[in-house]
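Chemist: Sequence plus the predicted model coming up.
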Number of protein chains: 2
Amino acid sequence: MDDELGALPPKSQFSEWYNDLLWRAEVMDVRYPVKGLYVWYPYGFAIRKHVYSRLRELLDRDHQEALFPLLIPEQEFMKEAEHIKGFEDEVYWVTHGGTTPLEVKLALRPTSETAIYPMYALWVRSHADLPLKIYQIVNTFRYETKQTRPLIRLREITSFMESHTVHTTWDEAEAQVESEIALTREFYASLCIPIIISKRPDWDKFPGADYTIAVDTVMPNGRTLQIGTVHHLGTHFSKTFNITYEDDKGVQQHANQTCYGISERCIAALIGVHGDDKGLILPPAVATIQVVIVPILIGKRHDDVLASAQALEAELKSAGFRVKMDTRDMRPGAKYYWWELRGVPLRLELGPRDIDGGKVMAVTRLGEKKPLERSGVVEGVNGVLAGIAEAMKAKAEDHVKASLCTAGSIAACNASLNEGKVAVVPWCGDRACGDAIEEQSNSSILGTEARSPYVSAEGGACVICGKPGKATLVGRTY
Amino acid sequence: MDDELGALPPKSQFSEWYNDLLWRAEVMDVRYPVKGLYVWYPYGFAIRKHVYSRLRELLDRDHQEALFPLLIPEQEFMKEAEHIKGFEDEVYWVTHGGTTPLEVKLALRPTSETAIYPMYALWVRSHADLPLKIYQIVNTFRYETKQTRPLIRLREITSFMESHTVHTTWDEAEAQVESEIALTREFYASLCIPIIISKRPDWDKFPGADYTIAVDTVMPNGRTLQIGTVHHLGTHFSKTFNITYEDDKGVQQHANQTCYGISERCIAALIGVHGDDKGLILPPAVATIQVVIVPILIGKRHDDVLASAQALEAELKSAGFRVKMDTRDMRPGAKYYWWELRGVPLRLELGPRDIDGGKVMAVTRLGEKKPLERSGVVEGVNGVLAGIAEAMKAKAEDHVKASLCTAGSIAACNASLNEGKVAVVPWCGDRACGDAIEEQSNSSILGTEARSPYVSAEGGACVICGKPGKATLVGRTY
């Protein structure tokens, strides 16, 4: 395959590497005949399955899963003026059923506020019904006119987790925002992905929100990728959709709401942050295959080695690992290449000498090699996988740390950005100065109030007007 | 709630009972503002989750899960003439992105052959790539002009499992059809739903198939509900989409294919077949809640009983049961009513006397009541749940058996149908006679070659022309 199709570009050519790796490692097929729509291969789909299982596990602690329709009637969709302004250019419209024009045009949900909130208006009656915390994981649609990229900028977002909560007071909704942020931290910790949390500037908040807290990571080329958002909606939507509750004094009140989303960009981050020149590196928690066993099947010990490998496979499977035994008729080297490309965190090699010595050779996807005792192999594998996750976390963390550069002027900011970094600059908070920063640095203000150990809370003189400013993240974004 | 909203209609008024039960038991909300689209409540969504987990478990033995786009470009969709003829009146078309008319109209998949097979043409190269067995579980769309019904006739089918397999020979594809039928039997056995398998008449087969094997069940009103289909596609689609493989002699051959589908009608069957005048009865394998614990919290033993109930809950949860403890401040009778409506198969009552006697009172949703030993409660609960499943299966089986009536004439056939039965009549196989049977009995020919212990393989004189005929199922269908 290597010969026939050429080699994977090095990761330093990040865009080429990313696009190429997706099909080589059988994550996504990009050849579907509509721009911006892609196919999940079974191998990639299994990564998605494990990632979203983890997300569900976290959400199910105090949310309930439900499912709302994809199609939103025009009149509901058009109800919230600010919201529709944010989406009107990118909504797909269904106008015909068969050859019959529909009486009411139907929008493919770009996000589901306008599908869910008319139902919430029916469901919420009294303060005893609150808080209400529901999520769904669905396909959503955006008619993107910019360049599309698999998992990053899509016309069908196949895997959008959206949580929608309803509360009595603004403060309770604020506490929910914090709770969703904590959940997001825990989720990305499972994926070994460091995140930077900040408050988006007002002009970049969700259409209809009081404020937006965003979660970004830094990709290898220095571009930031938004991989989660939590929005405090206040009473904007509850006023539009008439979501009211009777408080304990019998008075009707508008509810306060939050919404919160994570899309398959979490998998783009997983691939981009961890992979290397050889291919994917999957965190053990979500790897399609956690352990591949490659028996060295040569010479007269063939049957003996095969039997030992099968016993090893059975033991690891019954311990709950996702294991694949590779007995294909190929050179071992070609098998190693194959599974490295696909990011399997741990390879176990087993040959006659290993068997005689009571050992199994463990080779991690990070390049470490050490023999494990065959007798305690389950604990051994557990330990090695935990070590891989730790090392992946540390490496990714180092990259984010090294990517954040404090800059006291537009020139310093630009220098940082041009080196593929994220700049931390003082900004006074005025829209005009924000626009000037974005324009002069050809970048975006990510946010203020960053929650990162690498971003000092101290501000300084705004790089545009010189007035006192807050530390502000500025980056080139996806 | 009973007082305020009136009572659930009796099951003998099946349509009213079904529609009413769906929202009362919080399975689906039918108030979404577009005809034919419904909302899964969290309680109903959990039933769906357990049902589809079971289906995935069975499929994952030898299929792989993947995910293909929802939107199909017009030119792909229009490629297979017979196929498009079967769907052209019911396809939703996306014609605009924002306010911009699209250059190519996009169909919302009514089923995914035309989305998947262009990719299969790229994926299949050699006989070594076959068999290929892939499934997805997705939302699909039909612009239904007939009366819509939740879970039965929808405009958004939210939960369509479609499997698409590729094989070298016609015979191998036929063996796959048999394998999918066996899987379907196993799946419906988990749901305690008896099925009747038959071969659909040619005019009712899937558009583009060589033949269609269908799976039906009989609803309480005698109407049959199609709850699964397996299609042998032969080379129809492989010729259209150019899915070829190189055989072992180096010659390009068109592949043989099958496809296979199960929708959320499986949940409609679950509800319709098992429920009673009190509400849902959920098979233990897929129940949202398998065991509800109702502690009798009165008098001075309140704290003591509560602690015992909590210990019971913890023990059952750690044994893997889905358990809910109901400590709401309501009369026990109101709680019983609440959980009966929602179909929880087993209720455990725990009061001071039970505790003193070392017992727990088990009350099944089928009305049986017996004390379990507290010390061996896990085995006790396991036994009771298994007994519930067996009793549900037997009862449903009896209904299907009683529903099948042999009829030797159109008059007898009509008499059976009018009594809410499914008729088994001899039919010669000619289209004209088939049309006459359907017209004169105001019903549909379900199929021949029925695989049911209750349908004799013997035929007789065709009820229309008198020529030798095969035993044929005739029913009034959903």
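Modeler: Received the coordinates, thanks. Model, not experiment: these values are computed from the prediction.
Chemist: Now do the nearest residue to residue A:141 once chain neighbours are set aside: how many residues are near it, please.
Modeler: For residue A:141, ignoring the flanking residues on the chain, the nearest one in space by Cβ to Cβ, 6 or more residues apart in numbering or on different chains is residue A:108 at 4.0 Å. Every C-beta, even on glycine, is put in place using the N, C-alpha and C of the backbone. As a burial measure, residue A:108 scores 25 neighbours (other Cβ atoms under 10 Å in any protein chain shown).
Chemist: same deal with residue A:302?
Modeler: Residues contacting residue A:302 under the criterion other Cβ under 10 Å number 13.
Chemist: looking at this, residue A:15 is in a strand?
Modeler: No - Residue A:15: not assigned to a strand; according to DSSP: H, G, I helix; E, B strand; the rest coil it is helix.
Chemist: Just list the residues touching it, thanks.
Modeler: Applying Cβ atoms under 8 Å, 6 or more residues apart in numbering or on different chains, one finds that residue A:15 lies in contact with residue A:221.
Chemist: The lengthiest helix in chain A: what's the following helix or strand?
Modeler: Taking DSSP state H as the assignment, the helix of chain A that covers the most residues is helix A:377-403. Sequence order places strand A:404-406 as the next helix or strand after helix A:377-403, per DSSP states H and E.
Chemist: gap between that following strand and the chain center?
Modeler: Averaging C-alpha positions (Cα atoms, centre = their mean, to the nearest Å) puts strand A:404-406 23 Å from its chain's average.
Chemist: what's that strand packed up against?
Modeler: On a contact count with 3 or more Cβ pairs under 8 Å, 6 or more residues apart in numbering or on different chains; DSSP states H and E, strand A:404-406 meets strand A:422-427.
Chemist: and the angle for whichever helix or strand comes after the strand it packs on with strand A:422-427?
Modeler: Past strand A:422-427, heading to the C-terminal end, the next element that is a helix or strand (DSSP H and E) is helix A:431-441. Relative orientation of helix A:431-441 versus strand A:422-427 (axes from the mean of the first three to the mean of the last three Cα atoms, to 10 degrees): 150 degrees.
Chemist: average pLDDT for helix A:431-441?
Modeler: Helix A:431-441 carries an average pLDDT of 97.
Chemist: Kindly export it (C-alpha atoms) in PDB.
Modeler: Output in PDB follows, covering the C-alpha atoms of helix A:431-441 (Å, rounded to 0.1, in the frame of the first residue of the first chain):
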ATOM      1  CA  ARG A 431     -15.500  46.700  20.300                       C
ATOM      2  CA  ALA A 432     -13.500  49.200  18.200                       C
ATOM      3  CA  CYS A 433     -10.200  48.200  19.700                       C
ATOM      4  CA  GLY A 434     -11.300  44.500  19.300                       C
ATOM      5  CA  ASP A 435     -12.000  45.000  15.600                       C
ATOM      6  CA  ALA A 436      -8.600  46.800  15.200                       C
ATOM      7  CA  ILE A 437      -6.800  43.900  16.900                       C
ATOM      8  CA  GLU A 438      -8.500  41.400  14.700                       C
ATOM      9  CA  GLU A 439      -7.900  43.400  11.500                       C
ATOM     10  CA  GLN A 440      -4.300  44.300  12.200                       C
ATOM     11  CA  SER A 441      -3.300  40.800  13.300                       C
END
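Chemist: Please point out which parts of that helix sit buried.
Modeler: A:433, A:434, A:436, A:437, A:438, A:441 (16 or more other Cβ atoms under 10 Å in any protein chain shown).
Chemist: and what of stretch A:268-279?
Modeler: Residues of stretch A:268-279 classed as buried: A:268, A:269, A:270, A:271, A:272, A:273, A:274, A:275, A:276, A:278, A:279 (neighbour count, 16+ other Cβ under 10 Å).
Chemist: one step back: also compute the angle for the longest helix of chain A relative to strand A:422-427, please.
Modeler: Helix A:377-403 and strand A:422-427 are oriented at 40 degrees to each other (the same axes, to 10 degrees).
Chemist: elements contacting helix A:377-403?
Modeler: Contact analysis of helix A:377-403 by 3+ Cβ pairs under 8 Å, 6+ apart lists strand A:211-218, helix A:265-274, helix A:302-318, strand A:346-350, strand A:359-364, strand A:369-373 as its packing neighbours.
Chemist: Same list (these) but as CSV, adding mean pLDDT and distance to chain B.
Modeler: Conversion of those to CSV gives the following (pLDDT from 0 to 100; distance: least, Cβ to the nearest Cβ, whole Å):
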stretch, mean pLDDT, distance to chain B
strand A:211-218, 98, 23
helix A:265-274, 98, 12
helix A:302-318, 97, 14
strand A:346-350, 97, 22
strand A:359-364, 98, 26
strand A:369-373, 97, 29
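Chemist: which one of the buried residues of helix A:431-441 is nearest residue B:224?
Modeler: Residue B:224 lies nearest to residue A:438 out of the buried residues of helix A:431-441, by Cβ to Cβ, at 63.6 Å.
Chemist: give me phi/psi at the residue of chain A most remote from its centre?
Modeler: For chain A, the residue at maximal distance from the C-alpha centroid (Cα atoms, centre = their mean) is residue A:300, at 48.6 Å. Comment: the main-chain dihedrals of residue A:300 come out as phi -80, psi -10, following degrees, to the nearest 10.
Chemist: Repeat that for residue A:137.
Modeler: According to degrees, to the nearest 10, residue A:137 has phi -120, psi 110.
Chemist: export stretch A:458-475 as CSV, just CAs?
Modeler: Backbone C-alpha positions of stretch A:458-475 (Å, rounded to 0.1, in the frame of the first residue of the first chain) are rendered in CSV as follows:
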residue,chain,number,x,y,z
GLU,A,458,-2.9,40.2,34.8
GLY,A,459,-3.8,42.5,32.0
GLY,A,460,-1.9,45.6,30.8
ALA,A,461,-2.3,48.5,28.5
CYS,A,462,-4.7,47.8,25.6
VAL,A,463,-2.5,47.2,22.5
ILE,A,464,-4.7,49.6,20.5
CYS,A,465,-5.8,52.5,22.8
GLY,A,466,-3.4,52.1,25.8
LYS,A,467,-6.3,52.1,28.3
PRO,A,468,-6.2,49.4,31.0
GLY,A,469,-7.0,46.0,29.4
LYS,A,470,-7.6,42.4,30.3
ALA,A,471,-5.5,39.5,29.2
THR,A,472,-7.1,38.4,26.0
LEU,A,473,-6.5,35.3,23.8
VAL,A,474,-6.0,36.1,20.1
GLY,A,475,-5.5,33.3,17.6
